[in-house]
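[1] sequence below, structure please.
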Amino acid sequence: MEIPVFLTLTSEYQKTNMPKNKKRSRKILFASSEAYPLIKTGGLGDVSGSLPTALKALQQDVRLVLPAYREILEQKGKVTTIAQVSLPLGRIRVLERLLPGTRLKVWLVDCPPYFDRPGNPYQGPNGLPWPDNAERFALFCQAITCLALNQAGLDWQPDLVHCNDWQTGLVPALLTRHENRPATLFTIHNLAYQGLFPETTFSALNLPWSFWSPHALEFYGKLSFMKGGLVFADRVNTVSPTYAEEIQTPEFGCGLDGLLRHRRNKLSGILNGVDKNWNPANDPALVRNYSLHDIRGKQFNKKALQQELGLSASAEIPLLAFIGRLVAQKGIDLLVKILPEIVKLPAQVAFLGSGEKQYEQTLQQLAQRYPEQIAAHIGFDEALAHRIEAGADMFLMPSRFEPCGLNQMYSLRYGTIPIVHRVGGLADTVVDSTPATLENRTATGVVFERADSFVLLEAIKRAALLYEHQKGFWQPLQQRGMRQDFSWQRSAKCYLELYEVTLTEKNGSLAA
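    Modelled structure (predicted):
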């Protein structure tokens, strides 16, 4: 299976306009509100830790810029103050350190009143958003703009600024006010989170009044950080080709589908990659490592996982898994509704995640009712997530929408068959097991078409039938999944192509 990573709408442009010297080193300022392993709340953190590192490995001159959260400053590692700057929203220090385990330089925007606090980047210990999030990330955007224009005295100006999600959305807008600016790329990781704030916030942020317009940052009477990226960036992309198409529709566009259709010629999709620490051949979390060439160790991991979770130890009963946020977007409500039917197949289900209290409580109650068949670990445990991927036979991703998704790619790499809803990155990474795809040996999982509990149940039953035929269908499915190339090197090369397109277009428009 050839995985689509770059949306076809730019393919003709690439053929005719791509510079011949694709290996040219570029200066890239990669701006994000989180990056693993320094700080992570979700997929954005994974991408922002892995993609800049992969770009640096391709000989690019990359700087990663993050807020200097308390959690980051408390970690080990040499930190140096390299600049001090006064911005409209406050005075900052720019600190420099290396991303742990790499030679990638990280610039930290240090402003203690905004970032030296407990909780995660967006919420306090009470689970509620920080009331000054608009001011916090507006200052962060001002700092990124300052660095992008080489106004911090660092003698380094990027060719391109790569902004990610709403927390950096004001950067492309602010940069358009300067002639000698770098090119800008804005990546949407999840359109549902737009950085919306009351109109009164707009004036408090000292933004130009020309930005208060439906053609700029105003969104139905509110300030939208996301629109700053969508309207003003030279190019916009998202984290899978299918999601790039979906967000141009009312169903997935979150009210911005009209704007995205307007910018369709500047919109593309590139699949995320999988970090190298997700590899069953050398994963230290596993009781026994295994690989495509010797998959026998997977059964040892299954038995160990069943014992760890208190499930009945059985090699014959399929073990299904769900790892993720317990919210409607992830389809947890569809799954909860049919759990009693799933255990009758028979099958076992292991859950790892947290989210809405009603789903946490329901899963705990069902685990008590079916202790040998359902296990629910509320919270998150990175090592346990690895053991579940290795020990499960099937992985459930019934998401209503999924910009990219990572767990289905982890599952394929671990020989765990994904059962997914045909949306976003799930549609781009998993090939359904039909008579035709099983015969031509392209199937890698089970795909269902509609976000409905009983459609999901039928997909699980199809997977269970395949599981019964281990050598005939199941093992070939596992092996094809494990052969797929979801490396960050592949994704990074696609981003380099997109950077060159963006720079060529931007420089061409300036010359004109």
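
[2] which parts of the stretch 251-400 of the chain are strands?
    Assigned by DSSP state E, counting those that start in this stretch, the strands in the stretch 251-400 of the chain fall at 267-269, 319-323, 348-353, 374-378, 394-397.

[3] can I get the ones you listed in JSON lines with distance to T80 and mean neighbour count?
    Using the backbone N, CA and C atoms, a C-beta is placed for each residue, glycine as well. Listed next are the strands of the stretch 251-400 of the chain as JSON lines, based on distance: least, CB to CB, whole Å; neighbours: other CB atoms under 10 Å:
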{"stretch": "strand 267-269", "distance to T80": "37", "mean neighbour count": "26"}
{"stretch": "strand 319-323", "distance to T80": "38", "mean neighbour count": "24"}
{"stretch": "strand 348-353", "distance to T80": "38", "mean neighbour count": "25"}
{"stretch": "strand 374-378", "distance to T80": "40", "mean neighbour count": "22"}
{"stretch": "strand 394-397", "distance to T80": "42", "mean neighbour count": "26"}
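
[4] turn the ones you listed into JSON lines, including distance to A138 and mean pLDDT.
    Shown next, in JSON lines, are the strands of the stretch 251-400 of the chain (distance: least, CB to CB, whole Å; pLDDT from 0 to 100):
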{"stretch": "strand 267-269", "distance to A138": "25", "mean pLDDT": "97"}
{"stretch": "strand 319-323", "distance to A138": "34", "mean pLDDT": "98"}
{"stretch": "strand 348-353", "distance to A138": "32", "mean pLDDT": "97"}
{"stretch": "strand 374-378", "distance to A138": "35", "mean pLDDT": "97"}
{"stretch": "strand 394-397", "distance to A138": "35", "mean pLDDT": "98"}
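
[5] would JSON lines of those with distance to Y114 be doable?
    Output for these, formatted as JSON lines (distance: least, CB to CB, whole Å):
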{"stretch": "strand 267-269", "distance to Y114": "32"}
{"stretch": "strand 319-323", "distance to Y114": "32"}
{"stretch": "strand 348-353", "distance to Y114": "30"}
{"stretch": "strand 374-378", "distance to Y114": "31"}
{"stretch": "strand 394-397", "distance to Y114": "36"}
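
[6] low-scoring pLDDT stretches of this protein, where are they?
    Regions of the chain meeting the criterion pLDDT under 70 cover residues 1-23, 509-512.

[7] could you list the domains of the protein?
    8-273+489-511, 297-484 (automatic domain parsing).

[8] D283 is nearest to which of these?
    Ranking those by proximity to D283 (CB to CB) places domain 297-484 first, at 5.5 Å.

[9] measure that closest one end to end?
    20 Å (CA to CA, to the nearest Å).

[10] and what of stretch 339-357?
    18 Å.

[11] in the stretch 151-300 of the chain, which spans are helices?
    170-175, 199-204, 225-232, 241-246, 257-262, 297-309 (DSSP state H, counting those that start in this stretch).

[12] by contact count, what packs against the fifth one?
    With contacts defined as 3 or more CB pairs under 8 Å, 6 or more residues apart in numbering; DSSP states H and E, the secondary structure elements packing on helix 257-262 are helix 225-232.

[13] neighbouring contacts of the helix it packs on?
    134, 137, 141, 163, 165-176, 184, 186, 188, 191, 193-197, 211, 215-219, 236, 256, 259-260, 263 (CB atoms under 8 Å, 6 or more residues apart in numbering).

[14] now that helix: how far from the chain's centre is it?
    Distance of helix 225-232 from its chain centroid, counting by CA atoms, centre = their mean, to the nearest Å, is 19 Å.

[15] ranges for the strands of the stretch 51-200 of the chain?
    61-67, 80-87, 90-98, 105-110, 160-164, 183-188, 196-197.

[16] adding distance to N272 and mean neighbour count, write the ones you listed out as TSV.
    Listed next are the strands of the stretch 51-200 of the chain as TSV, based on distance: least, CB to CB, whole Å; neighbours: other CB under 10 Å:
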stretch	distance to N272	mean neighbour count
strand 61-67	16	23
strand 80-87	30	14
strand 90-98	23	18
strand 105-110	20	23
strand 160-164	12	27
strand 183-188	10	27
strand 196-197	25	19
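
[17] can you say which of the helices of the stretch 151-300 of the chain is nearest to K471?
    helix 297-309 (13.9 Å).

[18] A392 and Q475, how far apart?
    16 Å (CB to CB, to the nearest Å).

[19] of these two, which one has the most company?
    Set side by side, A392 and Q475 show more neighbours around A392, with 27 against 13, by other CB atoms under 10 Å.

[20] that one - nearest residue in space that isn't next to it in sequence?
    A321 (3.7 Å; CB to CB, 6 or more residues apart in numbering).

[21] tell me how far the one you found lies from N150.
    Looking at A321 against N150, where the rule is CB to CB, the gap reads 48 Å.

[22] how about T168?
    18 Å.

[23] neighbour count winner among those two?
    T168 (27 against 14).

[24] what sits against the residue lying closest to the more buried one once chain neighbours are set aside?
    Among residues not flanking T168 along the chain, A31 sits closest, at 4.5 Å (CB to CB, 6+ apart). Applying CB under 8 Å, 6+ apart to A31 gives the contacts V65, I144, V161, H162, C163, N164, T168, V171.

[25] and which of the residues you listed is nearest N507?
    For the contacts of A31, the nearest to N507 is V161 (14.8 Å; CB to CB).

[26] no further queries at this time; thank you.
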